[in-house]
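# got a predicted model here, sequence first, then my questions.
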Amino acid sequence: MITTKIFFSRIIKDFKSKELMPLKLIFFVQASTLYVLYPYLTIHMRELGINVEETAIMSSITPLVAMVMPPLAGMLADRIGNFRILLSLFSAFGGLAALLLLLVPIGRVTVHFPQRIIMDLGCEGRNGSLLHTMSQIHPCETKLESEEIAVNVESCGFVCHVETNNETDGSQILKSRLYTVRHLNFQTGVNTSYKYIVAPSDLAMSIQQEDMKEHRQLKNNEFFKTSIRQVSKTHYFFPTDQLFSFSCMSGHVQDIDNFTTEASFRMSRNHTSCVFDNLMKSKDNINRTINYHLYKSKIKSLKPDEDDLQEEQQRYLSEKISWAGEDFQKPICDDLESNINNQIMILVRLYDYEANLEATNRILNINECKKKCIVTLPRNAVCSNMNMEVEYNVKLTFWLYLVIRVFIGIIGGTTFAMFEGAVIAILREQEADYGLQRIYGSIGGMISSPLSGVLIDYASKAFYLYAALKLASGVLMLLINLEFKAPAKNVVRDVFTVLRNIETAVLFLACFVLGTAWGYIESFLFWLIQDLGGSRSLMGITVAVGGIAGIPLLALSGPIISKIGHANVLFIGFVFYAIRLCGYSLIYDPWLTLIFEALESVTTSLSFTAAVTYAAKLSTTSTDSSIQGLLGGVYYGVGKGSGSLIGGYLMKFFGTRPTYQIFAVVTLLTGIIYFIFNVTYLKNRSQLEGNDIVKKKPKNIDEQDNPEKHTNDISLDEKSQSNQINNKSNMGNDNKGFLKEESHNNKKTDELNSTEIEAIRNAKNIDELNEIQLENIRN
């Protein structure tokens, strides 16, 4: 109850500050831009045909190249002082640059084959074998891992050999709407004709090669009973629904009502007899309905001969079948009318309906025809390849996308460094808390990320949303007040003075590993969700869950960090990263990712807040933007890039789940090492004075040279117990942004640089620090 009261009181008190309102709006919009697009860029690259290895290279090179900008931009910001106009321009340019990604062409397309394959089924001579023939229009790499395959008879008709003069004739055969089947019985002299008219709605729409960029899921022509189809290079199937049927009967089955007398004579107990029965007379098949059968078969592939290679087809032998649920038996197949007394002729009207020219109207006579049926089988039971890649200009896609991403990264890194420097300066001026400002960034991400997920599900409008938010952010940045920030005189020397501190170096190493873990998750978590079957809307929800869970920790980050220390918070972040990464590797339901996304409240919200405030504590007042820029470069640049690159290659060689486990082990071990270093080395070393996230402005020389006057500059971690008790009523304000110091001396400072004096003070040993504290207690 007390914690809840503190939580709301801190938020309400901070929200009342009018001077911080522009900063809250910028945090809201700025965080929205991060969550609205960047997590989905991996999915966007995948849609363009950029594979996992290329994604890893691109996701690593982009931040590595762009990482040089944050420290340079930070130094420039410190040198300028009031840099809000420059910050606004960079933000607006970043939004416009993102729209260039929409101009990148698709490099390769992964086309998924239909779930069922189509074969024609026929007999090999009298008392012959039952053969399946499949066209290689959709190439099949045969595996036949399943012993029993469900075969569905879709339609029966005639497969005819047609030697066309050109591709146009073949195309017009498939588009023909009228053909006639003539059956001539030489023994009786009867000539019977059957006319078939194909409605325009029964014609299948073909997908051209260039349309595969949009139609990535190929579909079968499912007009089995009406549509003419090509079954091999020179063979075409003409459906003759209700004209004859294909049926089988086991040798031990007594019910032979559906079989002819001739077929029943040839039955044996060890075989299943299959026949294409006699053609029905026209008056007999008017009201006839054939219900095609589903049966099980055991097939094996036959070695292709010259005819198969020429016809671009693959044949399969049906070794055993189970027609009606009986035991599997060897089939014996026959065509009752395939003898010298019968002849089949098909007359096809060729007419170019699109050109609508009478000159194209002609009749094609086809004589070589056999009875066959069209059957379908599950593709995954016969073929090992369920998709194929169609490549266009892969190099153009890769390099163009990389150049644009680097350009966006440079602008984004510059904006980040300047913005963080502005935040630190304003928080120090207003005596405000960093974590409380980041709450509004989390709220922005919670709203924008699900919205972006919905937009990307239907179109690429998330890019336009990102650009609009960046432009809005640029306008809001003109509202912040940086008039109080004085330009630094020697930024480079000040930065190197801070970096010589071992504690700062270790902090940057820790942030590098944390950034590596974060970079891998950011680059490939949505990839994992997509592989698990999750939608992009779910991807947006994951960000919202992390944002909601992070709000309480952001609000209470000040008291938490003051209580347990910056380094310990970072160690907790390492542990929770290990738990997250290990959890992702064990789940199979995409919705379970929400459980581990809630842990982002610790790994990102709390730990990165601790990193920012820790860096502010270790830096000097003239190097805020520079040190924050370096921190951003290490975390968002080198760290994220390394996570993407290393993670991508590990996924290629070890797989997705083992890679998550490898990252979990590395982060846990690094966290343990960092914790041991903290409790053994840093605890025995003098802590830096002042310069917390709520640090003071530099004092003049007279004040800094008097030890009795900088007792209030001691870092919060080293305050005496009595001072901690007195400050409890402050409700965690120890982590507020840089409390302003009351001016005790308005004299002009000496020409000696205040930063140098501050660095000298930070190098004092622990003995002198303890003497000062004891003297304060005695007084």
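Alright, I've got the coordinates. Residues are numbered from 1 along each chain as shown.

# gap between whichever strand or helix holds residue 583 and the chain center?
Under the assignment given by DSSP states H and E, the secondary-structure element containing residue 583 is helix 566-586. Average the C-alpha atoms of helix 566-586, do the same for its chain, and the two points are 22 Å apart (CA atoms, centre = their mean, to the nearest Å).

# quick one: list the elements packing against that helix.
Counting by 3 or more CB pairs under 8 Å, 6 or more residues apart in numbering; DSSP states H and E, the packing neighbours recorded for helix 566-586 are helix 502-531, helix 593-597, helix 607-618, helix 656-680. For glycine as for every other residue, the C-beta is placed from the backbone atoms N, C-alpha and C.

# distance to residue 60, mean neighbour count and mean pLDDT for these - can I get that in CSV?
Formatted as CSV, the entries for those read as follows, by distance: least, CB to CB, whole Å; neighbours: other CB atoms under 10 Å; pLDDT from 0 to 100:
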stretch, distance to residue 60, mean neighbour count, mean pLDDT
helix 502-531, 8, 22, 88
helix 593-597, 23, 20, 90
helix 607-618, 20, 26, 85
helix 656-680, 15, 18, 92
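
# circling back: list the buried residues in the helix holding residue 583.
For helix 566-586, the buried set under the neighbour-count rule, 16 or more other CB atoms under 10 Å, comprises 566-585.

# restrict it to CA atoms and write it as CSV.
The C-alpha coordinates for helix 566-586 follow below in CSV (Å, rounded to 0.1, in the frame of the first residue of the first chain):
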residue,chain,number,x,y,z
HIS,A,566,23.5,1.2,-10.0
ALA,A,567,25.8,-1.8,-10.4
ASN,A,568,23.5,-4.2,-8.6
VAL,A,569,20.6,-3.1,-10.8
LEU,A,570,22.7,-3.9,-13.8
PHE,A,571,23.5,-7.3,-12.4
ILE,A,572,19.8,-8.0,-12.0
GLY,A,573,19.4,-7.0,-15.6
PHE,A,574,21.9,-9.6,-16.7
VAL,A,575,20.1,-12.3,-14.7
PHE,A,576,16.7,-11.4,-16.2
TYR,A,577,18.1,-11.3,-19.7
ALA,A,578,19.3,-14.9,-19.2
ILE,A,579,15.8,-15.9,-18.0
ARG,A,580,14.2,-14.3,-21.0
LEU,A,581,16.5,-15.8,-23.6
CYS,A,582,16.3,-19.3,-22.1
GLY,A,583,12.5,-19.0,-22.0
TYR,A,584,12.2,-18.1,-25.6
SER,A,585,14.2,-21.2,-26.5
LEU,A,586,11.7,-23.5,-24.8
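
# now the angle between helix 607-618 and it, please.
Between helix 566-586 and helix 607-618, the angle formed by their directions is 160 degrees, by axes from the mean of the first three to the mean of the last three CA atoms, to 10 degrees.

# so which of the helices and strands packed on helix 566-586 is nearest residue 23?
When those are ranked by distance to residue 23, counting by CB to CB, first place goes to helix 607-618 at 14.4 Å.

# now do the helices in the stretch 101-250 of the chain.
In chain order, the stretch 101-250 of the chain shows helices spanning 167-174, with DSSP state H, counting those that start in this stretch as the criterion.

# quick one: the strands in it, in order.
Taking DSSP state E, counting those that start in this stretch as the criterion, the stretch 101-250 of the chain carries its strands at 108-112, 116-123, 130-135, 149-161, 178-185, 190-197, 229-230, 235-239, 246-250.

# mean pLDDT, mean neighbour count and distance to residue 431 added to those strands, as CSV?
What follows is these, written out as CSV (pLDDT from 0 to 100; neighbours: other CB atoms under 10 Å; distance: least, CB to CB, whole Å):
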stretch, mean pLDDT, mean neighbour count, distance to residue 431
strand 108-112, 85, 16, 56
strand 116-123, 90, 22, 70
strand 130-135, 89, 22, 77
strand 149-161, 91, 20, 74
strand 178-185, 88, 17, 88
strand 190-197, 88, 13, 86
strand 229-230, 90, 20, 78
strand 235-239, 92, 23, 83
strand 246-250, 83, 22, 88
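
# of all those strands, which lies closest to residue 43?
Across the strands of the stretch 101-250 of the chain, residue 43 has its closest neighbour in strand 108-112 (13.5 Å, CB to CB).

# now do the closest one: everything it contacts.
Contacts of strand 108-112 with the rest of the structure, by CB atoms under 8 Å, 6 or more residues apart in numbering, involve 49, 51, 212-213, 216-218, 386-392, 394, 397.

# would you agree residue 97 is in contact with residue 405?
No. Look at residue 97 against residue 405 with CB atoms under 8 Å: they stay out of range, at 9.6 Å.

# of the two, who's got more company?
residue 405 (25 against 19; other CB atoms under 10 Å).

# could you find the closest non-adjacent residue to that one?
If you skip the residues right next to it in sequence, residue 405 has residue 62 as its closest partner in space, 4.5 Å away by CB to CB, 6 or more residues apart in numbering.

# how about the one you found, what does it touch?
For residue 62, the contact set (CB under 8 Å, 6+ apart) comprises 402, 405, 406, 408, 409, 641.

# could you do residue 466 as well?
Contacts of residue 466 were listed using CB under 8 Å, 6+ apart, and they are 33, 36, 37, 95, 98, 452.

# can you get me a residue count around the second one?
Spelled out, it's residue 36. Here the neighbour count serves as a burial measure; for residue 36 (other CB under 10 Å) it reads 30.

# that one contacts residue 465, correct?
Yes. Taking contacts as CB under 8 Å, residue 36 lies within contact range of residue 465: 5.6 Å.

# among the contacts of residue 466, which are in helices?
Judged by DSSP state H, the contacts of residue 466 include 33, 36, 37, 95, 98, 452 as members of helices.

# so where's the stretch 451-600 of the chain shaky on pLDDT?
Judged against pLDDT under 70, the low-scoring parts of the stretch 451-600 of the chain cover residues 452-460, 482-494.

# tell me where the stretch 351-500 of the chain has helices.
Applying DSSP H, counting those that start in this stretch to the stretch 351-500 of the chain gives helices spanning 379-382, 394-430, 434-458, 461-477, 491-499.

# now the longest one: buried residues?
Meaning helix 394-430. Along helix 394-430, the positions that meet the burial threshold by neighbour count (16+ other CB under 10 Å) are 394, 397-398, 400-402, 404-430.

# and that helix, what does it pack onto?
helix 21-37, helix 52-66, helix 69-80, helix 84-98, helix 434-458, helix 624-632.

# which elements pack onto the shortest one?
Of the remaining helices and strands, those touching helix 624-632 by 3+ CB pairs under 8 Å, 6+ apart are helix 69-80, helix 394-430, helix 491-499, helix 502-531, helix 607-618.
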